[in-house]
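Trainee: Give the three-dimensional model of this entry:
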Amino acid sequence: MILRWILYYHQKEILRGLIEYPYVTGTSIIGIKYKDGILMAADMGGSYGSTIRYKSVERLKQVGKHSLIGASGEISDFQEILKYLDELILHDNMWDDGNSLGPKEVHNYLTRVMYNRRNKFDPLWNSLVIGGVKNGQKYLGSVSMIGVHYEDDHLATGFGNHLARPILREEWREDLSFEEGVKLLEKCMRNLLYRDRSAVNKLQIAKITEEGLTVSQPYSLKTFWNFAAFQNPTVGATGSW
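Mentor: Okay, here's the model as predicted:
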């Protein structure tokens, strides 16, 4: 009886661990407004702890007619969020009233979902970026795993919030063309590739405008690894290996 109870307890703890902690995660999402709509970039890595386990994980998805979502964090939790959004869009379409949910409504919905799960001490381990265009209005918002949410002209999650936002603050402008926006995103992603161990050199860029959404085929960036700081990065570091 005691042994059975011990086994039950350990199984319960294992299941709790699977639910409450991230296992396979994706790194930064970067989103910007540009002249005609919204651009988002994400690499395709899925990390199992510190090991890059998967290199073909798509983390940019369309939501309804007007919205685009990108997710950092636990991949299976993102899949759960996509199920919620499928149900939301299906329920909205069933009204058949000629209206459809825009990015602001999707953002508000996800804010309540994330906050609700946080209050149950069972959070969805994701940071989300939601963007879109409806009736000529561009929208870009973010929500964290505990429901913290805000809007901005450019957003980044994960390491991107530290390494890409300074570039965006300096170089972003409202009248960016599509080509200029892509070039700016690539600069941010290259910076992350150099400095974020979870980043992989295989990315996608998604564009959403009033006309619709397109997601690029995966591609790699040109990189340069002969910078002096990369040759022997531990030189002069106290206590390093």
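
Trainee: measure residue 201 to residue 55 for me?
Mentor: 9 Å (CB to CB, to the nearest Å). Placement of C-beta: from N, CA and C, glycine included.

Trainee: which one of these two has more residues nearby?
Mentor: When residue 201 and residue 55 are compared on other CB atoms under 10 Å, the one with more neighbours turns out to be residue 201, at 16 against 13.

Trainee: Pretty sure that one sits against residue 219.
Mentor: No - if you go by CB atoms under 8 Å, residue 201 and residue 219 don't touch, sitting 9.3 Å apart.

Trainee: which residues of this structure fall in strands?
Mentor: For the chain, the strands defined by DSSP state E cover 24-26, 29-34, 37-43, 46-48, 51-54, 60-63, 67-74, 126-134, 137-143, 149-151, 154-156, 203-209, 212-215.

Trainee: Residue 88 is nearest to which of those?
Mentor: Among those, strand 60-63 comes nearest to residue 88, with 8.3 Å by CB to CB.

Trainee: which helices and strands does the closest one pack with?
Mentor: strand 67-74, helix 75-94, strand 203-209, strand 212-215 (3 or more CB pairs under 8 Å, 6 or more residues apart in numbering; DSSP states H and E).

Trainee: Adding mean neighbour count, distance to residue 131 and mean pLDDT, write the ones you listed out as CSV.
Mentor: CSV is the format used below for the helices and strands packed on strand 60-63 (neighbours: other CB atoms under 10 Å; distance: least, CB to CB, whole Å; pLDDT from 0 to 100):
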stretch, mean neighbour count, distance to residue 131, mean pLDDT
strand 67-74, 26, 5, 96
helix 75-94, 15, 14, 94
strand 203-209, 21, 6, 96
strand 212-215, 15, 10, 94
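
Trainee: Angles on the backbone of the closest residue to residue 100 other than its chain neighbours, please.
Mentor: Spatial nearest neighbour of residue 100, excluding adjacent residues (CB to CB, 6 or more residues apart in numbering): residue 65 at 5.1 Å. For residue 65, the backbone dihedrals (degrees, to the nearest 10) come out as phi -90, psi -20.

Trainee: how deep is residue 65 tucked in, by neighbour count?
Mentor: Residues contacting residue 65 under the criterion other CB under 10 Å number 15.

Trainee: Kindly report the same for residue 157.
Mentor: 25.

Trainee: residues in contact with it?
Mentor: 28, 29, 70, 72, 127, 128, 129, 142 (CB atoms under 8 Å, 6 or more residues apart in numbering).

Trainee: Now the buried members of those.
Mentor: 28, 29, 70, 72, 127, 128, 129, 142 (16 or more other CB atoms under 10 Å).

Trainee: Let me know the closest of the residues you listed to residue 80.
Mentor: residue 128 (12.2 Å).

Trainee: is it true that that closest one touches residue 82?
Mentor: No - here residue 128 lies out of contact with residue 82, judged by CB under 8 Å, at a distance of 10.9 Å.
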